[in-house]
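pasting the sequence and the predicted model now:
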Amino acid sequence: RASDMPLSALLERVSSLGNGFFVALWIVAVTLLVWQRRRRRSGGAGDAEDGAQGVAEPVKPVHCGDITLEELRAFDGSDPNKPLYVAVKGKVYDVTRGRTFYGPGCAYSCFTGRDASRALAKMSFTEEDLAGTTEGLTAGETQILDDWEMKFLTKYAQVGQVVPA
């Protein structure tokens with residue numbers, strides 16, 4: 001048994017496993033550290049993106065129906081009692097379960113409470129691209145936007161649509 005071996009014999013046996021063993025061990029250790037940090041940041045036992053917050057039930061999406069761009073701004077995360085909404089191609093999605101991405105101060109918070117179509121198509125975070133208009137997009141940008149729309153359709157609940165003011 002390894003516990004009965006002297007330390008020098010144990011080290012010799014482990015080193016005989018070669019560099020591949022140490023690389024694999026290092027990968028496992030780093031993976032565990034990253035997982036632990038994400039778990040601490042999300043404040044729960046599960047993946048915040050999947051809505052798991054310990055044993056609490058995931059929040060059910062609240063349907064807003066027709067909403068203007070001005071009304072959409074109220075769902076930008078500044079009020080913690082309101083859901084987080086992002087519009088893509090005029091469809092409004094509840095991204096609350098992705099709070100670690102779309103919540104205040106997070107990587108994609110600039111999209112929350114807006115029609116992010118143009119910014120997503122151009123892969124941009126600039127204020128001018130957060131206007132929502134899709135006019136003047138190239139064919140490649142339109143394809144990228146279609147891919148984003150599919151991602152939102154499959155991952156988040158559509159809760160409304162943007163209408164003119």
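Yep, it's here. Numbers count the residues shown, from 1 in each chain.

from residue 89, how far out is residue 77?
Residue 77 is 21 Å from residue 89, where distance means Cβ to Cβ, to the nearest Å. Using the backbone N, CA and C atoms, a C-beta is placed for each residue, glycine as well.

no wait, residue 161
Distance from residue 161 to residue 89, counting by Cβ to Cβ: 10 Å.

neighbour count winner among the two?
residue 89 (18 against 14; other Cβ atoms under 10 Å).

check contacts around the more buried one.
117, 134, 145, 149 (Cβ atoms under 8 Å, 6 or more residues apart in numbering).

any quick ChimeraX command for the buried ones out of these?
This is how ChimeraX selects the buried members of these, with burial counted by 16 or more other Cβ atoms under 10 Å:
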select :117,145,149
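
now stretch 104-122: mean pLDDT?
When pLDDT is averaged along stretch 104-122, the result is 94.

strand partners (parallel or antiparallel) of the longest strand along the chain?
Secondary structure assigned by DSSP state E gives strand 157-162 as the longest strand of the chain. Note on strand 157-162: by DSSP bridges, its sheet partners are strand 65-67 (parallel), strand 91-94 (antiparallel).

what's the most buried one of those?
Most buried of the strands paired with strand 157-162, by mean neighbour count (mean count of other Cβ atoms under 10 Å): strand 91-94, with a mean of 22.

residue 120 is in what secondary structure piece?
Assignment of secondary structure by DSSP states H and E places residue 120 within helix 117-122.

brilliant, that's me finished.
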